[in-house]
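Undergrad: Provided below for reference: sequence and predicted model.
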Amino acid sequence: MSVQVQTPWQAGTECVANYDFQRRTDQDLPFTKGEVLTIVAVTRDPNWYKAKNKVGQVGFIPANYVQKREGVKAGTKLSLMPWFHGKITREQAERLLYPPETGLFLVRESTNYPGDYTLCVSCEGKVEHYRIIYKSGKLTIDEEAYFDNLMQLVEHYTNDADGLCTSLMKPKLMEGTVAAQDEFSRSGWALKMKDLTLLQTIGKGEFGDVMLGDYRGSKVAVKCIKNDATAQAFVAEALVMTQLRHKNLVQLLGVIVEDKSSLFIVTEFMAKGSLVDYLRSRGRSVLGGECLLKFSLDVSEGMEYLEDNNFVHRDLAARNVLVSEDNIAKVSDFGLTKEASATQDTSKLPVKWTAPEALREKLFSTKSDVWSFGILLWEIYSFGRVPYPRIALKDVVPRVEKGYKMDAPDGCPAIVYELMKQCWHLDSNQRPSFRKLREQLEHIKAKELYQ
Ligand code: ADP
Ligand code: MG
């Protein structure tokens, strides 16, 4: 017989409490369900660890009360609608729902009525196919109950058969996908809605509102989804964020997928908003050279971490850098971040920030992020101006391809302008790495060359 020996958790490992724990001695650290704790040290007893809570209190905790937090494995296909099988035929659906099991279901695109869907449910040995009609922006089966999206529809018929042969009991999962909710729970990133209070809207994202919230007494930012198609993009963003941890990256706190019709991504709250707004509103009279250099250095450190971990951001710009209460700049908006090598649709790209080879041939790399970093430096030193002023958007790419580079912003130290120009090498191999950029910025800081 083999005994499974669990490798001990290292100092720095994060855990989430699965139960409340009351202290037995004053050396114990009490905690409540849902709290995040950081391991400080192992003890002689493998069932106990020394840990630290959010406010810095240290004590012993029982290992079986907590769950280790992990990054969700890269490449996992998380789906909010794992029961959605896309364009498959009636016959394929019936094969998928075999052997019969009452309540087993899937949703497919309708073959007879393009634009509509079909709900297929196994029921006492037979498969029923219900047409889901798309009618003036809503989905319905019986023209009595209407839904904004498939997730809401499935939620409804899970709770109540409401005229169907059975309620929906068990999703037939699409091959290769994992239910997002299950995976976030398993890896320790699922938060509870009851612990979160939404307070006010603080930003408008492309996909939905960003709200200020209170999570167990801490201020947090909450990205709220608008509908099901975009929710899937949010899941991808959250997945990336579970794998990243650095002081200059906006930190993910968790995800709420409880209510099937909504998805919330909870991150640390960045009190001073986006860097571009910060630069514009304070301006030259408030922000000195030391401060601009500090922001540049902060971003370079976050990007060096991404470089070391083979993550390409693809949308680095001052609008996607946020500033914390204590003036630390952190990179955010990982929506487009993919592990190096993946390619994507170029039609929606921010032209003025994107490297020429990325626009032309979809060649995204850490070196195309370096190009964007050069533009970001220009934004910082021009206090948030839009790049390529006075050049029409359609002329930007042709001129850049011919070697045009922006002038130094007014008052920008020559040594910083040199860095920008290195980032804008047409040959991506000639651009410096983020490590190099960070070292040079540190050098400028140490020698006080930022005046
Ligand atoms: P999108 O992905 O659509 O660009 P963002 O993540 O950039 O959305 O968020 C839009 C705006 O919401 C930001 O410009 C910022 O003003 C605000 N915001 C986003 N995240 C936070 C945060 N963690 N703290 C404070 N404000 C935030
Ligand atoms: Mg953004």
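TA: Yep, it's here. Residues are numbered from 1 along each chain as shown. Ligands and ions are numbered 1, 2, ... in the order given.
Undergrad: Pick out the residue in the stretch 201-350 of the chain sitting closest to ligand 1.
TA: The stretch 201-350 of the chain approaches ligand 1 most closely through residue 203 (2.0 Å), counting by CB to the nearest ligand atom. C-beta here means a position set from N, CA and C on the backbone, and glycine is covered the same way.
Undergrad: Just the element for that residue, please.
TA: Using DSSP states H and E, residue 203 falls within strand 196-204.
Undergrad: ok, then the element right after that strand?
TA: strand 209-215.
Undergrad: could you dump that next one to PDB, C-alpha only?
TA: Output of strand 209-215 as PDB, limited to C-alpha atoms (Å, rounded to 0.1, in the frame of the first residue of the first chain):
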ATOM      1  CA  ASP A 209     -19.200  48.700 -15.900                       C
ATOM      2  CA  VAL A 210     -16.400  48.800 -13.300                       C
ATOM      3  CA  MET A 211     -17.800  49.300  -9.800                       C
ATOM      4  CA  LEU A 212     -16.300  50.100  -6.400                       C
ATOM      5  CA  GLY A 213     -17.200  47.400  -4.000                       C
ATOM      6  CA  ASP A 214     -16.700  46.300  -0.400                       C
ATOM      7  CA  TYR A 215     -15.400  42.700   0.000                       C
END
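Undergrad: Near ligand 1, which residues of the stretch 251-400 of the chain are found?
TA: With CB under 6 Å from any ligand atom as the criterion, the stretch 251-400 of the chain meets ligand 1 at residues 267, 269, 270, 273, 274, 319, 320, 322, 332, 333, 335.
Undergrad: Out of the residues you listed, which are close to ligand 2?
TA: 320, 333 (CB under 5 Å from the ion).
Undergrad: List only those of the residues of the stretch 251-400 of the chain next to ligand 1 flagged as buried.
TA: Buried members of those, counted by 16 or more other CB atoms under 10 Å: 267, 269, 270, 274, 319, 320, 322, 332, 333, 335.
Undergrad: Just these: which are in strands?
TA: The strands, defined by DSSP state E, take in 267, 322 from these.
Undergrad: what comes into contact with stretch 239-248?
TA: For stretch 239-248, contacts defined as CB atoms under 8 Å, 6 or more residues apart in numbering pick out 70-72, 74, 76, 78, 187, 189, 251-252, 265, 267, 298-299, 301-302, 305-306, 309, 311, 328-331, 334, 337-338.
Undergrad: Of these, which count as buried by neighbour count?
TA: Burial by neighbour count, judged by 16+ other CB under 10 Å, picks out 72, 78, 187, 189, 252, 265, 267, 298-299, 301-302, 305-306, 311, 328-331, 334, 337-338 from the contacts of stretch 239-248.
Undergrad: shouldn't residue 156 be in contact with residue 148?
TA: No: with contact defined as CB atoms under 8 Å, residue 156 does not reach residue 148; the gap is 11.1 Å.
Undergrad: If you count surrounding residues, which of these two has more?
TA: residue 156 (18 against 14; other CB atoms under 10 Å).
Undergrad: for the stretch 151-300 of the chain, what spans make up the strands?
TA: 170-171, 177-179, 196-204, 209-215, 218-224, 252-256, 264-268 (DSSP state E, counting those that start in this stretch).
Undergrad: which one of those is the most hemmed in?
TA: strand 252-256 (a mean of 24; mean count of other CB atoms under 10 Å).
Undergrad: and the strands of the stretch 151-300 of the chain, which one is worst for confidence?
TA: For those, the weakest mean pLDDT is recorded on strand 177-179, namely a mean of 84.
Undergrad: Residues contacting that strand, please?
TA: So strand 177-179 is in contact with 76, 77, 78, 79, 82, 171, 173, going by CB under 8 Å, 6+ apart.
Undergrad: Give the closest residue to the fourth one in space, chain neighbours not counted.
TA: Counting by CB to CB, 6 or more residues apart in numbering, residue 79 lies nearest to residue 177, which is 4.3 Å off, once chain neighbours are set aside.
Undergrad: Kindly report the same for the third one.
TA: Leaving aside its chain neighbours, residue 78 sits nearest to residue 180 (4.2 Å; criterion: CB to CB, 6+ apart).
Undergrad: can you check the last one too?
TA: What sits nearest to residue 173 in space, not counting adjacent residues and going by CB to CB, 6+ apart, is residue 82, at 4.6 Å.
Undergrad: next one: residue 158
TA: In space, residue 158 is closest to residue 168, 4.6 Å off (CB to CB, 6+ apart).
Undergrad: Name all residues that make contact with the one you found.
TA: By CB under 8 Å, 6+ apart, the contact set of residue 168 is 103, 105, 121, 154, 157, 158.
Undergrad: Mind picking the two most distant members of those residues?
TA: Spatial extent of these (CB to CB) is set by the pair 103 and 154 at 12.3 Å.
Undergrad: who has more neighbours, those two?
TA: residue 154 (21 against 17).
Undergrad: so what pLDDT did that one get?
TA: At residue 154, the predicted lDDT confidence score is 92.
Undergrad: Now do the residue lying closest to it once chain neighbours are set aside, the pLDDT please.
TA: Among residues not flanking residue 154 along the chain, residue 168 sits closest, at 6.2 Å (CB to CB, 6+ apart). pLDDT recorded at residue 168 is 97.
Undergrad: Please identify the residues of this protein in proximity to ligand 2?
TA: 320, 333.
Undergrad: Give me the longest helix you can find in the chain.
TA: Taking DSSP state H as the criterion, the chain has its longest helix at helix 289-308.
Undergrad: Outside of that helix itself, list whatever touches it.
TA: So helix 289-308 is in contact with 244, 246-249, 275, 312-313, 316, 321, 323, 327-331, 337, 366, 369, 373, 376-377, 380-381, 413, 416, 433-435, 437-438, 441-442, 444-445, 450-451, going by CB under 8 Å, 6+ apart.
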